[in-house]
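Undergrad: predicted model, plus sequence, below.
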Amino acid sequence: MTKADIVNEISKNTGIEKVIVQKTVEAFMDTVKSSLVKNKNVYLRGFGSFVVKKRAEKTARNISKNTTIIIPEHFIPAFKPAKTFVSKVRNNVK
């Protein structure tokens, strides 16, 4: 499902114009992104959490040049679904 599909579905279910729904969805995504950049997690009860995870420094290999490189410690965004969300998907996907 793409962002356009989400906008169409919300518009169809609520009767709100697509332009307004699109602005709302984009504002939501911008808010989540800016919160994670500020190292603030976003919690949506019943849906899940957008969190910032810390990755430790590690050694990796560049196999094309046969050299060792060090990947520094860094942060990545992650999504952790809520237990109710996981159980609903688990029980209904066939």
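TA: Ah, there it is. Residues are numbered from 1 along each chain as shown.
Undergrad: going by C-alpha atoms from here, please, whenever you check contacts or count neighbours.
TA: Fine.
Undergrad: quick one: the strands in this protein?
TA: Under the criterion DSSP state E, the chain contains strands at 42-44, 48-55, 58-62, 67-71, 74-81.
Undergrad: need the winner for burial among those strands.
TA: strand 48-55 (a mean of 16; mean count of other C-alpha atoms under 10 Å).
Undergrad: ok now the longest helix along the chain, how far from the chain's centre?
TA: What stands out as the longest helix in the chain, according to DSSP state H, is helix 18-37. With C-alpha atoms, centre = their mean, to the nearest Å as the basis, helix 18-37 stands 12 Å off its chain's centre.
Undergrad: so what touches it?
TA: Defining contact as C-alpha atoms under 8 Å, 6 or more residues apart in numbering, one finds that helix 18-37 is touched by Ala4, Val7, Asn8, Ile10, Ser11, Asn41, Val42, Phe50, Val51, Val52, Pro77.
Undergrad: buried sites along that helix?
TA: Within helix 18-37, the residues scored as buried using 16 or more other C-alpha atoms under 10 Å are Lys18, Val21, Gln22, Val25, Val32, Lys33, Ser35, Leu36.
Undergrad: stretch 81-91 too?
TA: Pro81, Ala82.
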